[in-house]
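S.K.: next come a sequence and a model predicted from it.
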Amino acid sequence: MNIDEIFDYTSFTIDREPHIVLDPQVCMGCDNRGCTNSCPARCYTWSEEEQKMTFVHDGCLECGTCYIVCHRNAFTRWRYPRGGFGVAYRMT
Amino acid sequence: MSSAYDAIVVGAGPAGSSAALTMARAGLKVALVERGTFPGEKNMFGGVLHRLPSLEEVFPDFWERAPLERHIVKKGVTFMTGDSTFSTTIEAGNFDRPPYNGYTIFRPRFDRWLADEAVAAGATLITRATVDDLVIRNGRVAGVTILDRRGELTAPVVVAADGVLSFTAKKAGLRQPTFDPGQMAVGIKALLDMPRELIDERFGLVRDQGFANEFVGCTGGVRGGAFLYTNYDSLSIGLVFHLGSLRTSGKTPYDLLNAFMEQPQVDKMIRGGRLQEYSAHVIPEGGYSMIPELVGDGILVAGDAAALCNATGLNLEGINLASHSGVLAGQAVVAAHQAGDFSRNGLDVYRRLMDDSYVLKDLKLYRKAPHMLHNDRIYNEYPELVCGMMEYIYRIDGAPKENLSKLFLKTAKEKVGLKNLAADAFSAWRAL
């Protein structure tokens, strides 16, 4: 099974407005960045070159992992998407 | 959108819908608020639905009406190391006779149905509604506001059934402001389509029989395990990781899932399956010590929001505990309405009902299990030890045999150390 495809099988109604927002300064100073490997939807990417954390909310499974593993509380916003938006499971 | 209710339930999962159903049946005007486009849309689990004594009471034909998949007759545990596995299975005649011990289910179907039953009993279901904040009046919870909607929903009491992160309980000051990753796990799951006949044949099942298997030693050294469950015509396969361990491992959940699905013995079980859906969710695994304050002024906490999850390593209970707590919360609200007292004192009957129920009794009994499971040897050395011993026992190649107990001690000494073995055995004995 090709793991790259696994993310394509889940349905989403994508909101323009992200439900999670990071303070890039906090991520820059983080010595752990456990979010990058722990997020089951690989929403977090750290660029060594740009010294920058990128979060893409499109594929977020709203599982809560980043909220737990971020020990620096880098979130200026962490809430669930507005009603009707976000992940939409059909049969799991 | 300002409306007044007798009670507001945040979250239409098993806890919330059970609470709403209980209150609506008692004649209360209940709002059941759900952020999905339908209840269950946001929910996943990697588990089995067990008996629901409290719901069965308010709902005698529950099992005839609920949308279920297979009933579990066969349960297995597999120790895995590299390309070797050692498995034990129990298949009991009693598991194949009603009342069945457990079912596989699909959450988007089951949760939706349960919420519909609450609606049929008179509750008002409000979907696409993400609760934004609590309405506080005179120091008491008095309602909720909805993200991006004007006005407020008011009621003398709110039931927080909004899941593991419960921002509702947080805003009421009932749960800790931050979580300890050591008390949390994340489950990920792939749903694989497979023809029903193939599942029956492959796992030795007939009629609506189902198979549930847990695996240990398959998480790349991260504390955790795996599961495989049969639905009618699909398999649920996934992994669970302790977040404290995953965070520092540098490994990713999906790569570990991929490796697990490619392991030769697992590959044989899932071959022919077609990927349908991928899902993930955090699980509160801290046990008894993690449970927040269950009652505040004008508010009760139920289900995952109250960390009601019993993970002993062998059984995983959650939905049954959620549903039970929901029913008890509903009963407490009904009693509070009769007494006209929604203060912490007036609602405290919920805490007492919970203390007397199997939910808190079991969590208290197994309160040491979470600590016991924080032991890397369970996930690495022991599966290796078990598989290695069994392989040795069954290998017949003309080499002279060793005395088995001596060999066990020798291997155990090499792999885990005798002191550790004794300590772990003692810890497991005390925890379970």
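M.R.: Arrived safely.

S.K.: stretch B:257-268 spans what distance, first to last residue?
M.R.: Start to finish, the residues bounding stretch B:257-268 are 15 Å apart (Cα to Cα, to the nearest Å).

S.K.: buried residues, that stretch. List them.
M.R.: Judged by neighbour count using 16 or more other Cβ atoms under 10 Å in any protein chain shown, the buried positions of stretch B:257-268 are B:257, B:258, B:259, B:260, B:261, B:263, B:266. Using the backbone N, CA and C atoms, a C-beta is placed for each residue, glycine as well.

S.K.: what's the helix or strand of chain A with the lowest mean pLDDT in contact with?
M.R.: When the helices and strands of chain A are scored by mean pLDDT, DSSP states H and E, helix A:3-6 comes last with a mean of 78. The list of residues contacting helix A:3-6 from outside it, by Cβ atoms under 8 Å, 6 or more residues apart in numbering or on different chains, reads B:190, B:254, B:255, B:257, B:258, B:275, B:278.

S.K.: what is the burial count for residue 6?
M.R.: Using chain A. 20 (other Cβ atoms under 10 Å in any protein chain shown).

S.K.: my bad, chain B
M.R.: The local packing count at residue B:6 equals 19, with neighbours defined by other Cβ under 10 Å.

S.K.: now the residue nearest to residue B:217 when sequence neighbours are not counted: phi and psi?
M.R.: Here the nearest residue to residue B:217 in space, its sequence neighbours aside, is residue B:383; by Cβ to Cβ, 6 or more residues apart in numbering or on different chains that works out to 2.7 Å. Residue B:383 has phi and psi values of phi -60, psi -40 when expressed as degrees, to the nearest 10.

S.K.: what's the domain layout of chain B?
M.R.: Chain B is divided into the following domains under the TED database: B:7-67+B:106-178+B:290-356, B:184-284, B:371-430.

S.K.: output the below-cut-off pLDDT ranges for chain B.
M.R.: Applying pLDDT under 70 to chain B flags residues B:1-2.

S.K.: most centrally placed residue in it?
M.R.: residue B:318 (3.6 Å; Cα atoms, centre = their mean).

S.K.: that residue and residue B:283 touch, don't they?
M.R.: Yes - contact between residue B:318 and residue B:283 holds when scored by Cβ atoms under 8 Å: they sit 7.3 Å apart.

S.K.: mutual contacts of those two, please.
M.R.: Where contact means Cβ under 8 Å, 6+ apart, the residues bridging residue B:318 and residue B:283 through contact with each are B:304, B:309.

S.K.: so who does residue B:43 touch?
M.R.: With the criterion set at Cβ under 8 Å, 6+ apart, residue B:43 makes contact with A:89, B:13, B:36, B:107, B:108, B:111, B:281.

S.K.: from residue B:179, how far out is it?
M.R.: Computed as Cβ to Cβ, to the nearest Å, the residue B:43 to residue B:179 distance reads 19 Å.

S.K.: same check on residue B:136?
M.R.: Residue B:136 sits 24 Å away from residue B:179, going by Cβ to Cβ.

S.K.: swap in residue B:397?
M.R.: If you go by Cβ to Cβ, the gap between residue B:397 and residue B:179 works out to 52 Å.

S.K.: higher neighbour count, these two?
M.R.: residue B:179 (21 against 4).

S.K.: now do the contacts for the more buried one.
M.R.: Under the criterion of Cβ under 8 Å, 6+ apart, the neighbours of residue B:179 are A:67, A:68, B:165.

S.K.: which residue, other than its chain neighbours, is closest to residue A:32?
M.R.: Nearest residue to residue A:32 in three dimensions, chain neighbours excluded: residue A:71, at 6.5 Å (Cβ to Cβ, 6+ apart).

S.K.: okay, now residue B:102: neighbour count?
M.R.: Residues within reach of residue B:102, counting by other Cβ under 10 Å, total 23.

S.K.: test my guess that it contacts residue B:48.
M.R.: Yes - Residue B:102 is within contact range of residue B:48, at 3.9 Å (criterion: Cβ under 8 Å).

S.K.: overlap in contacts of these two?
M.R.: B:72, B:212.

S.K.: hmm, who's touching stretch B:347-356?
M.R.: When contacts are defined by Cβ under 8 Å, 6+ apart, stretch B:347-356 is touched by residues B:157, B:294-296, B:298-300, B:325, B:328-329, B:331-333, B:335-336, B:341, B:360-361.

S.K.: what comes up buried for that stretch?
M.R.: Of all the residues in stretch B:347-356, those buried under the rule 16+ other Cβ under 10 Å are B:347, B:348, B:349, B:350, B:351, B:353, B:354.

S.K.: now these as TSV including secondary structure?
M.R.: Formatted as TSV, the entries for these read as follows, by DSSP: H, G, I helix; E, B strand; the rest coil:
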residue	secondary structure
B:347	helix
B:348	coil
B:349	helix
B:350	helix
B:351	helix
B:353	helix
B:354	helix
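
S.K.: and chain A, which residues reach chain B?
M.R.: Contact residues of chain A with respect to chain B, defined by Cβ under 8 Å from any Cβ of the partner chain, are listed as A:1, A:3, A:5-7, A:9-10, A:13, A:32, A:34, A:37-38, A:40-42, A:61-65, A:67-69, A:71, A:73, A:79-84, A:86-92.

S.K.: show me the contacts for the residue nearest the centre of chain A.
M.R.: With distances taken as Cα atoms, centre = their mean, the residue of chain A nearest its centroid is residue A:43 (3.8 Å). When contacts are counted by Cβ under 8 Å, 6+ apart, residue A:43 is found next to A:55, A:56, A:57, A:59, A:60, A:66.

S.K.: ok, residue B:282 next?
M.R.: A:63, A:64, A:65, A:67, A:68, B:164, B:165, B:184, B:185, B:186, B:187, B:243.

S.K.: check which helix or strand residue B:114 maps to.
M.R.: Taking DSSP states H and E as the criterion, residue B:114 maps to helix B:107-120.

S.K.: buried residues in that helix?
M.R.: B:107-119.

S.K.: near chain A too, which of those?
M.R.: B:107, B:108, B:109.

S.K.: roughly how far apart are the residue nearest to the last one when sequence neighbours are not counted and chain A?
M.R.: Setting aside the residues directly before and after it, residue B:109 is nearest to residue B:67 in space (Cβ to Cβ, 6+ apart), at 4.6 Å. In this view, residue B:67 and chain A are 11 Å apart by Cβ to the nearest Cβ, to the nearest Å.

S.K.: on that earlier part again, in a markdown table, list the contacts of residue B:43 along with distance to residue B:365.
M.R.: As requested, the contacts of residue B:43 are arranged in a markdown table below (distance: Cβ to Cβ, whole Å):
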| residue | distance to residue B:365 |
| --- | --- |
| A:89 | 33 |
| B:13 | 25 |
| B:36 | 34 |
| B:107 | 28 |
| B:108 | 33 |
| B:111 | 28 |
| B:281 | 26 |
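
S.K.: and residue B:282, that's in a strand?
M.R.: Yes - counting by three-state DSSP, residue B:282 is located in a strand.

S.K.: residue A:30 touches residue A:72, doesn't it?
M.R.: Yes - proximity of residue A:30 to residue A:72 meets the contact threshold set by Cβ under 8 Å, at 5.3 Å.

S.K.: burial count for residue B:362?
M.R.: Residue B:362 is flanked by 18 other residues according to other Cβ under 10 Å.
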